[in-house]
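> no sequence on this one, just coordinates:
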């Protein structure tokens, strides 16, 4: 009888340890994807800080293109506001979709600015504009890399959360829903960073 009690206690202890490991893994994986989004946030803020410099430099050369410059500034402000709304770790699907939409509008405005600037050869020759262009391109690459890391972290979390037996305990541990991927309406934006040449 004593041996069966010891075996029963060991089995119960093993189950408790296993459930604790499930909880800890869920917390770890969720924190990884939250941290991965923080990396995206850093790079997006860097881009948002570069855009006013880009617009100011372009204004010196493009006096007749106020509408294009205002569209870039407005799109940048909308994207920054969408990102700020997510700064408390609010990474639900609706919030990510709003950010993705704002980013798409910003990419379109930057693309229109690029096309407009093609008509101004003095801008291309500007050393300041070349430096801003290089910084923006580097930042776009960092954003793409951070976005990939975030989506990979979310996939790892979702896969573990949906697996058996973690799926039995996930909702009870406060992990009732999947993490949302950062997707864009235009899939080509994921594969190719916007080209901004001045």
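Noted; the coordinates are in hand. Here the structure is a predicted model, which means the values were calculated and not measured.
> where in this structure is pLDDT low?
63-64, 124, 184-198 (pLDDT under 70).
> what about the helices in it?
2-61, 66-85, 93-117, 121-125, 127-162, 166-170, 188-191 (DSSP state H).
> Out of those, which is closest to residue 179?
The closest of the helices of the chain to residue 179 is helix 127-162. By C-beta to C-beta, the value is 4.0 Å. For glycine as for every other residue, the C-beta is placed from the backbone atoms N, C-alpha and C.
> which other helices and strands contact that closest one?
Secondary-structure packing of helix 127-162 (3 or more C-beta pairs under 8 Å, 6 or more residues apart in numbering; DSSP states H and E): helix 2-61, helix 166-170.
> mind giving me JSON lines with the ones you listed and columns for distance to residue 68 and mean neighbour count?
Formatted as JSON lines, the helices and strands packed on helix 127-162 follow (distance: least, C-beta to C-beta, whole Å; neighbours: other C-beta atoms under 10 Å):
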{"stretch": "helix 2-61", "distance to residue 68": "9", "mean neighbour count": "15"}
{"stretch": "helix 166-170", "distance to residue 68": "48", "mean neighbour count": "16"}
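> coming back round to it: can you lay out the helices of the chain as CSV showing distance to residue 176?
Formatted as CSV, the helices of the chain follow (distance: least, C-beta to C-beta, whole Å):
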stretch, distance to residue 176
helix 2-61, 11
helix 66-85, 22
helix 93-117, 14
helix 121-125, 52
helix 127-162, 9
helix 166-170, 7
helix 188-191, 28
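> right, so of those helices, which gets closest to residue 178?
helix 127-162 (4.5 Å).
> Direction-wise, compare that closest one with helix 93-117 and give the angle.
160 degrees (axes from the mean of the first three to the mean of the last three C-alpha atoms, to 10 degrees).
> And helix 127-162, how far out from the chain middle?
On the basis of C-alpha atoms, centre = their mean, to the nearest Å, helix 127-162 sits 7 Å off its chain's mean C-alpha point.
> And the residue nearest the centre of this structure?
residue 40 (4.2 Å; C-alpha atoms, centre = their mean).
> hang on, isn't it packed against residue 148?
No: between residue 40 and residue 148 there is no contact under C-beta atoms under 8 Å: 9.8 Å.
> Which residue is the nearest non-sequential neighbour of residue 45?
residue 83 (7.2 Å; C-beta to C-beta, 6 or more residues apart in numbering).
> is it true that the one you found touches residue 43?
No: using C-beta under 8 Å, residue 83 is not in contact with residue 43; the gap is 10.5 Å.
> number of nearby residues for residue 140?
By other C-beta atoms under 10 Å, 20 other residues sit near residue 140.
> Confirm for me that it is in contact with residue 50.
No: Residue 140 is beyond contact range of residue 50, at 10.2 Å (criterion: C-beta under 8 Å).
> With that, I have no additional questions.
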